[in-house]
Structures are given as structure tokens and as C-alpha cells.
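In: dropping the sequence and predicted coords here.
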There are 2 protein chains.
Amino acid sequence: MATKARVLYNFTAEPGNAELTVKEGEIITITNQDVGGGWCEASNALGMTGLVPTDYVEMISESGGSILPFGPSGKAPSTGGNLAAFDPFSTSQAGYSGSPVFGSSFPPNNQANNADDPWLNWNTTSAGTWSTNNAGAAEDDEWDDDWNESKPPPSIIPHTESEAAETGLARGAPRNNSVKMPRNRFPTFIKHGPEVYLLSKQPVKTTEKITIHKGEVGPVWEYPTSSLSCVVADPKKGSKLYGLKSYIEYQVTPNNTNRSVNHRYKHFDWLCERLLIKFGSAIPIPSLPDKQVAGRFEEEFIKMRMERLQSWMNRMCHHPVISNSEVFQLFITCRDEKEWKLGKRKTEKDDVVGIMIFSTMEPPAEDIGLLEAEQKVEMFSKFTKAMDDGVKELLSVGQEHWKSCAGALPKEYQKMGKAMQNLSQVFATSGYEGESILTDPLTEVGKTFEEIASIFAEQPKKDLHYLMETNQEYKGLLGCFPDIISVHKGAIEKAKEGDKLVALNKVTPQEKNTMVNRIGTMSYAFQAEMNHFHNNRIYDYNSVIQLYLQQQIEFHEMIAAKLKQALTHFTVQQ
Amino acid sequence: MATKARVLYNFTAEPGNAELTVKEGEIITITNQDVGGGWCEASNALGMTGLVPTDYVEMISESGGSILPFGPSGKAPSTGGNLAAFDPFSTSQAGYSGSPVFGSSFPPNNQANNADDPWLNWNTTSAGTWSTNNAGAAEDDEWDDDWNESKPPPSIIPHTESEAAETGLARGAPRNNSVKMPRNRFPTFIKHGPEVYLLSKQPVKTTEKITIHKGEVGPVWEYPTSSLSCVVADPKKGSKLYGLKSYIEYQVTPNNTNRSVNHRYKHFDWLCERLLIKFGSAIPIPSLPDKQVAGRFEEEFIKMRMERLQSWMNRMCHHPVISNSEVFQLFITCRDEKEWKLGKRKTEKDDVVGIMIFSTMEPPAEDIGLLEAEQKVEMFSKFTKAMDDGVKELLSVGQEHWKSCAGALPKEYQKMGKAMQNLSQVFATSGYEGESILTDPLTEVGKTFEEIASIFAEQPKKDLHYLMETNQEYKGLLGCFPDIISVHKGAIEKAKEGDKLVALNKVTPQEKNTMVNRIGTMSYAFQAEMNHFHNNRIYDYNSVIQLYLQQQIEFHEMIAAKLKQALTHFTVQQ
């Protein structure tokens, strides 16, 4: 189905790559959304056709064409008020607004700004309601509300666009999906300086305990004896408001209870947001697969989103801290609407979030000095940056390769097959006795080449796809580390000021020691996560590369077998 | 080595195919002469690089740049006089100059025209001498003269260019080689009308006999009991005039004598010309591989030319009429210079040429009526036209496929391999214990991908190459049939006028009957050649397609084996 789309960024076609040059703002027609490898096929107003990176374009809803940042009423959505609960230090923190902790990549996100750009707060709180959707009523935690799922979602906002430019996205490198939802990854609380935790006087009132052990490889999280896993399956289309609004519901079945719960994308999104708020300073919480607007109910898209939700759930399940958390358990076990609402409210009022998560950590010791802590952060920072480059390189060449394997080559095999069959048909008209000893096998060879064309076209979905998805996932994970590293660096910087602060009588010597000890705790947590990451990475890449090789072996063997079969049709050996 | 070249025809790059658009007359730099599949890589004055069909360009000699149609003296070469020997009917034939036999594709080739365009006569007679080369002296049949081999050869001439346009060459379809030597395929004699043979009074004074038998498939040539073959090998650079002029000499060894003779390209060329003059009305005599100017002594080129000379020789050896002919035997056996000169002179004075070749044919009967003869010609004409289209289609898709296999894919495998090795190097810096269980195999996989890149790049030379060469050869053969078919059609038309001619008293009833009988002889010859062609075609395509499949099987099995080997480096199975 051809869909109109608006171009979000300039994209210059590389010569000889069947790509299409498009300009920001240009309206193009998507002729094939599923070319694979992060590409879609589009044609422009001049009728030129070519490939464009899927996420350089946004689909235009079929109803209106334009995607409005405001609902039809033109009223800005009301801004939620419960953020204040996470901001007890809002006044006292003013002095840290220029702190280097999160640098310039985090634009100020206060309520004044939210009012200017209503889309900024779409994931900061569920209290933000769409005037059009909910007729002005704040349906705080309605089990089944339609929050941004049945109306055209927000267009990408200018600042997100410039962010994309700033981060220097590799040309044509695959990004998650078609429409970028503006996402200010770290909510407001992250502006709280490290002293919120470093200088907090008394233990937080919580029973939460996150234990860190000394393992063979260094500090490690406490891993459960049996691993949790959840199957995301059985997407079903549901509707409400007498069929006016429809949505897809997924069945989530954890292996510990084996009792399935149903969740819509918006519930996953809520979970992701809560995990980010709670654990995002210590643990990378990758974004969910982006939502797609056009063709939201197309089978292929639903399958792809489900597969990516599954990958995301796998990663969460395999993380001992995440999987053990109250909010995650709520998500995978709660089947009762009332209970869900209660759990949701409780979660949203939780104030052991942001840097305060470290207050729940119980390390085996606190014997890590500032210098050592700093070195660990530095080392891992360098590693993740280098890995990010490596992953992007692999994604970029993989994407090129995908185009050849699924595009050019099958076409060529098909043409070869057709040409051989045509030639065979011509030969058959020769009237020469014994012609069939050539035409029979030649026709078979031609058909075989057409079969090989299909095998080629389907192959990337069997192997390159997984290599790409894993790298894509790691690209997402790696994108979380700059924030985490900033949290740690900021805390270390603060603690390093300790002596000066004591001299200025800003903190007591006792408090200074507490700060150093807490850096120790943070470093244990940091190393535990680092080791978790490395361990998973080694496992994941080991798996996916082996899978890729195995599938490629099968692929080449299958083609060899097909060709051998074709060879048997020749009765005259040369 | 980068060489300058002049563009001969406009060529418009197909989008997305890494091609370069060039204009007639443009000077470009050849950056890679050996991309394969009939393509070279070139860059233009603007620095844009891309692929251009090899024979759309002519190399420019390094000495002068421009290729002069006249030698530096500015004097036109003297025109040879011995053509008259082949033109005894020159006056009486005037009435046939407008005959439809060869239509407009054969421009008049008389001496007046030769004077206008000296290059037209380069292969009509060896008496045409280059004023610059031979200092005005006519070295008629010098064993080792330098006739157009050590000076810049002629540029393509305007009328040849327009011929190329007329024949509607498929866009980018491979043609033989870089520089087109103007070649007026059918020499002057072909203007002789069919009555030269149909009405010839007495048997030609010759002992030549070409026997046609009735075979299982219909009329067939008389085949020798043992098949002749010649090995073309051992190209050696020779020089003369104290090293000023150099050339390549090939060793030709026939299997019947096992005594090798040495021949330069110009000798092959002479042979080809003589065969065309003598047998060209009955048997397709394909052109030799074209000569190349720039890089004439480059190893790869010499190898390619030798391979094609070998293919050409094979085809000639396998033809019972050709291989049995005096001129061919002279070529493959004569080792004595004097004997060669005598043989050459004798051959050039032979007047059993052109349509007169049919006077040497001895069919088993002459019982073929005009209608049947006409139907046979018509049927084969249709067949060869259709086959010509089929062959060109296969050449065209094969060429595209070559580009992917030898160009894009190896680059991608290389990049994949490099990306994996880079990622592995990054991983090695993690400092995580047990990292090597990932980095060791990942590095190996990366190296394997680089190896696969080379295997891919080399493969087309092992399989697609032969498929292309065979099709190329058949394209050449098929290009000869329109002439042969014209000879036969012209003769049949003439014979069909028989009754009218009798009524007008132009011929006697006896002569009319002779004409019909001679058409019968021609038809036997035609069918014998048709059956020879079909028989060879079935054999050749059977061979080359099987070879292609076998090589492709080996190729895919080799890649599978390489990947399996890479897989063994993983110590952790998933």
C-alpha cells in the first residue's frame, strides 16, 4: 500500500546504491515500507524511485495529512502537576543548573518549557491529557485509555531534529523506526545534583535492597537462581468506544507464574518510563521500539514490533535488578484492574528514583577510592564509545549488504533464470533432432535460478536480520551509557570537592567521608552493571554471530544442492 | 596503470549501476581496464568515476595522443591493385549494384571510395601499404612486416560508427574489445550477383571438392574421422628494426603434426580474411578478437587475446570444411618463409571464392525445390534472429551480474569482515575476564569474511566468464548469418525469375533448370551448415552451462566450508 510521508532530514543518495535524494519537508510516496535493513522504497513528485532510510521520513496520517502538535481544539494539553513530587529540591538545586553533570544534551525541562512545547512532556507523566482525546477530563490511570494511540502522534520536534544532527548519526545508519517520538530520556529529577544522594542524612524509608557481591570478575549483581523469561505473543486487535478506537494487545506470559497478562503498547511504554526514572542512573534502560503510525495494524509491522518488544522484555527479564523490581513484577503478574491502578499510583509516587537508587545498594564493602572509581568510569566510557562506533559501522555495512542480498542479487538471478528459459524456448524451435538434450536441462537450470532468486531474497530475514537487530539493540543500550557515566562523573567531581567544601565549612569532615563512601557504593554498582553488560554482550554476540554463520552455511549448502539437482537434468556429460 | 582514452559513443549511465555518463569525443582516464564483463573503470575531467563499456572508448597512444588517419607525412596510403583479380565481372556487374542481395548495410567498396577513406581497405588486400611504415615500398607479403601493429592504429571511422548505431547494439552489451577496426566484412566480390554461380557455364578449374552427405538429421558435411585441434600458446614478445618495433608471436600446434608454427596476430587476421572471402557465403567466419592498442603487451590482455584466438581456432578446427581447406592447412603447417609466401600468393589469387564456393559442393542429390529451399532459409533466419536476441539478453544480464559478483559483493564482504575485526579489537579492550571466548572467534570470522570477499571477486573468472565468452562467440557467429542468408535468398530470388527470364529470352530453359539444380546444391550446403551449427550449439551450451553449474556448486560449497571452519573457533556453543 502506497502511503504519503514527509521527509524529516535531508538525505543525499549515494551514487550507485539505488537510493533517492530527498529534502527535509518534501512529501514523498512510500511504495514499499518493508525493503528491510532500515530502508523503505519511495518515489518523489518527479516520479523518481529509490531507497530512503525509514527513519528519515514520517508517515502522514491518511485522515488529515498534516500532523498537528495540538489537537483540533488548538488548546495545549494541560501539564501534569505530580512531577513536583520528584522535585523536592527544586529551589535548592537552582545552583546546579549549570552543572556539567548532564551537559548541554539535556535541554532544560521545566514546566515553563513544557508549556511552550507540549510534546516534551508526553512521557514525563501520565497526567498529561490530550484535550481532544479525553474531553478535558484527566483520566489519570485508566486501565484502557487511548492515550496517544488512536490519534496522529506528535511530529518530530525541531530540537529533537537538531539533536539528531548534533549526535552525528552515521549517514543512512538504521535508527529504530519510522516515526521518532520526542523523548527527553531523563525526566526532570536528573537535574538533582549528586549531593541529593551523597549528602542525604538518613537512610531512605524503603525496604528495597539491591545486593552487590564480589564475583570472580569483580563486583556483580545478585543473580536469581532461576532465570526469568516472558513470552510476548498473540497480538490481538481490540477496540473501544463502539469501535471508534482500536489498538493491539499483546499477551505477556512469565515463566515463573505461567499466567499470562495482557498489555497494550502504552503499558509497555509506561513500564519503560518508570524503569528509566527509577533505575536509569545505574542501569541502561533501552527505549522501546518506536511506534509506527501508518499501517499500524499491518501484519508485518505488528510482527516486527512484537519481536522487538520481546527482545526488550528479554533484556529486562535477564537483568537481576530490573526483573526483581516491584514495578516490573506488577507489570508481568497483575491481572486485576484495581490492583493495577493501585500499583501504578504507588509506583508513580515512589521517590527512591534517579540517583537515590544508589541508597538501596548494598555493596560488599565501600573500599573504592575516588581515583579508582574515576578510572573505572573513564575506562568504561572509552569502551562504550569505541563499541558504539564499531556497532554503527557494522550496522552501516550490514544495511548495504542487505540491499544487495535482498535487492540486486535476487533480481539478477531472476533475470539470469528468465534469460536461460527464453534461450531454451528459442532453441526448442530449431527443429533439430535431439534438441531436447539441451532445452530440457536448460529450462530446469533457468527455473532453478529463479528459485535461487527467492532463496536469496528471503535469506537476510533468516540471518542478517538477527545480526542487525542485536547490533541495533546494543546501539540502544550504548546510547544509555553517556547518561549513566555522567551521573557517576558528576558524583565523583562533587566528592572531589570534599576537602574544599570542608574548608569552606559547607560540609563537615564526617559528611565528606560519607560522600567518599557513597562514591564507593556507586562504583560497586557501576562495576556490577559493567560486568553485567560485558557478560551479556559476550553471550549475545557469540550467539548471533554463530547463528549468522550457521544460517549462511545452510544457505550456501541449499544453493549448492539446488544447483546439483539442476545438474542432474543434463543427460549429456561433457 | 591509468591511461587516457577517447570516448567513441555517447553512453548514458543507468542510475544505480555505478556507471559513468560519457560523451562522444570526451577524453577520460581509464583507472581500471580489467573490471571484467566488458566494463572498464574510468574517471572524467570532473573527477567522477564509474564504469563504461570497454568498447565505447579507444585508448590514446601515449606518444601522440591523437590517432591519425594518415601517417605523419600526410600522404594517403597507396591503394592496392590486386583487388581487380577478384573482380573480373566489375563492368558486367554494374547492373547489380542496386541488387537487394546485401542491402544498404554494405556500403559500396570501390577504389574511389577507398581513396576517400584509406582505412576501408586495411583488410581487403595486403598490398595496401602505409607510407610511413614501409617508407613507400610495397612489401607485399613480407613474413614479418609491421603492418599496422607497431603504430597507432586507425581510429574508428564515421561510417563504422553509424553502422553500429544502425544495427541497434544493445545498450552496454559487450562487444568484442576496445578498439573497433573498421571492417567491411564482405569484400568486393560479394557484389557479384548470384548468377555468377547459378549461370556459370563450365565447372571451375579446381580440384576442390566439398562433399555433403545425407545424415540422420538431414544434409551434413563430411566430417573427418579424427578431429583436428590446435593449441595456441606461449606468446612471446619479438622485435625488429633494432627494437623499434615489437610484436607478440603465438605458437600454434596442431594435433595432427604436433609441429608448432609461429604466428603473429596479423597472420591470424590474414587467415580470417581469406576464410571470409572464400567461405563466407556458406559458412559463418567469426571475426577475430579485436586488437587492443594501449597496454598491448600487458600480461592480462595478452592472455585474454590468446584465449580468444584459441576459441576462434577451435571453432575453425572443428569445422570440417574450414579445417580441410588449403589456406587453413597452410596456416597450421607451414614453417618455411618461402613456402609461406608462395602459399599466400596462391591463396590470394584463388578465384573460387564468394558464391563460387558452391561450385565445389558435391551434394548427394539436387532434389530440393525452390520453395523448400526458401522455407529452410526462412526458418533458420527466424531462428538465428531469435537466438541473437536471447544471447544478447543473457549477455546483458550476465554483465550486470558480473558487476555485483566481482564489484559490490566482495566490497561488502570485505567491509563486513573489517567491521567484525574492528569490533573484536574494541571488545579486546574491555578488560573483562573471558573476553577472548568472543574476540578470538570474532576475529577469525572477520578474516573469513575477507577471504570470502576474495573468493567472490575471483569467482566470475571461473564460471560466468565462460558463459559470457561462449555467448559472445555465438553473438559473433550469429552476426555472420544475415550475410549468408542474403546470399541464399538472393540466389533463390534470381532462380524464381527463371520462367520470366526464359520468356524474355535472357536464359535458355536449360539454364533455368541449371539454376534450380544449383539452388538445390546451395540448399544442401545451407542445411549442412545449419545442422553443423545446431550440433555445435547443443554441445557448446551443454558444456558451458554444466561448467557454470559445477563451478557455482564448488563456489558455494567452498564458502560453506570456510564458514564452517570459522564456526569451529567458537568454544561456547549457544
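Out: That came through, no problem.

In: pretty sure A:Ser246 belongs to a strand, no?
Out: Yes. Under DSSP: H, G, I helix; E, B strand; the rest coil, A:Ser246 falls within a strand.

In: hang on, it packs against A:Gly238?
Out: Yes. The pair A:Ser246 / A:Gly238 is scored as a contact, 6.7 Å apart, by C-beta atoms under 8 Å. Using the backbone N, CA and C atoms, a C-beta is placed for each residue, glycine as well.

In: higher neighbour count, those two?
Out: Shown here are A:Ser246 and A:Gly238; by other C-beta atoms under 10 Å in any protein chain shown, A:Ser246 has more neighbours (15 against 12).

In: show me the beta-bridge partners of the more buried one.
Out: A:Ser239 (DSSP bridges).

In: against A:Glu298, how distant is it?
Out: Computed as C-beta to C-beta, to the nearest Å, the A:Ser246 to A:Glu298 distance reads 13 Å.

In: do A:Ala457 as well
Out: 19 Å.

In: who's more crowded, those two?
Out: Taking other C-beta under 10 Å, A:Ala457 and A:Glu298 do not tie; A:Ala457 has more neighbours (18 against 14).

In: element containing that one?
Out: In the assignment (DSSP states H and E), A:Ala457 maps to helix A:436-462.

In: residues of that helix that come out buried?
Out: A:436, A:438-439, A:441-453, A:456-457, A:459-460, A:462 (16 or more other C-beta atoms under 10 Å in any protein chain shown).

In: next one: stretch A:248-267
Out: For stretch A:248-267, by 16+ other C-beta under 10 Å, it's A:248-254, A:256, A:260-261, A:263-267.

In: so which of these belong to strands?
Out: Among the buried residues of stretch A:248-267, DSSP state E puts A:248-254, A:261, A:263-264 in strands.

In: which of the residues you listed lies closest to B:Leu501?
Out: A:Ile248 (88.2 Å; C-beta to C-beta).

In: who's in contact with A:Ile212?
Out: Going by C-beta atoms under 8 Å, 6 or more residues apart in numbering or on different chains, A:Ile212 touches A:219-222, A:361-364, A:524-525, A:528.

In: which of those count as buried?
Out: Neighbour counting over the contacts of A:Ile212 (16+ other C-beta under 10 Å) leaves A:219-221, A:361, A:363, A:524-525, A:528 as the buried ones.

In: next, format those as TSV and append secondary structure.
Out: Formatted as TSV, the buried ones among the contacts of A:Ile212 follow (three-state DSSP):
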residue	secondary structure
A:Pro219	strand
A:Val220	strand
A:Trp221	strand
A:Met361	strand
A:Pro363	coil
A:Tyr524	helix
A:Ala525	helix
A:Ala528	helix
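
In: A:Asn513 - how many residues pack around it?
Out: 13.

In: please report the distance of it from A:Leu501.
Out: 12 Å.

In: ditto for A:Leu20
Out: 58 Å.

In: look up the closest residue to A:Leu20, ignoring the ones flanking it.
Out: Using C-beta to C-beta, 6 or more residues apart in numbering or on different chains and skipping the chain neighbours, the partner closest in space to A:Leu20 is A:Gly50 (2.9 Å).

In: contact partners for A:His213?
Out: A:His213 neighbours (C-beta under 8 Å, 6+ apart): A:219-222, A:364.

In: next, the distance between the ends of stretch A:473-486.
Out: Its first and final residues considered, stretch A:473-486 spans 21 Å by C-alpha to C-alpha, to the nearest Å.

In: who are the contact partners of the closest residue to chain B within the stretch 51-200 of chain A?
Out: When scored by C-beta to the nearest C-beta, the stretch 51-200 of chain A has A:Leu51 as its residue closest to chain B, at 9.3 Å. A:Leu51 is in contact with A:17-20, A:35, A:39-42, A:403, counting by C-beta under 8 Å, 6+ apart.

In: how about those in CSV, adding neighbour count, secondary structure and pLDDT?
Out: Formatted as CSV, the contacts of A:Leu51 follow (neighbours: other C-beta atoms under 10 Å in any protein chain shown; DSSP: H, G, I helix; E, B strand; the rest coil; pLDDT from 0 to 100):
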residue, neighbour count, secondary structure, pLDDT
A:Asn17, 18, coil, 66
A:Ala18, 19, coil, 74
A:Glu19, 21, strand, 79
A:Leu20, 22, coil, 83
A:Val35, 19, strand, 68
A:Trp39, 26, strand, 74
A:Cys40, 24, strand, 80
A:Glu41, 19, strand, 82
A:Ala42, 29, strand, 86
A:Lys403, 23, helix, 91
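
In: got the angle for the strand or helix carrying A:Phe383 vs helix A:436-462?
Out: A:Phe383 is part of helix A:370-403 when elements are defined by DSSP H and E. Angle of helix A:370-403 versus helix A:436-462, following axes from the mean of the first three to the mean of the last three C-alpha atoms, to 10 degrees, is 150 degrees.

In: what is helix A:370-403 packed up against?
Out: Packing partners of helix A:370-403 (3 or more C-beta pairs under 8 Å, 6 or more residues apart in numbering or on different chains; DSSP states H and E): strand A:39-43, helix A:464-478, helix A:481-496, helix A:509-567, helix B:409-427.

In: how about the ones you listed, which one is nearest A:Arg335?
Out: Closest approach to A:Arg335 among these is made by helix A:464-478 (28.9 Å; C-beta to C-beta).

In: run the chain-centre distance for that closest one.
Out: Centroid separation between helix A:464-478 and its chain, computed with C-alpha atoms, centre = their mean, to the nearest Å, is 9 Å.
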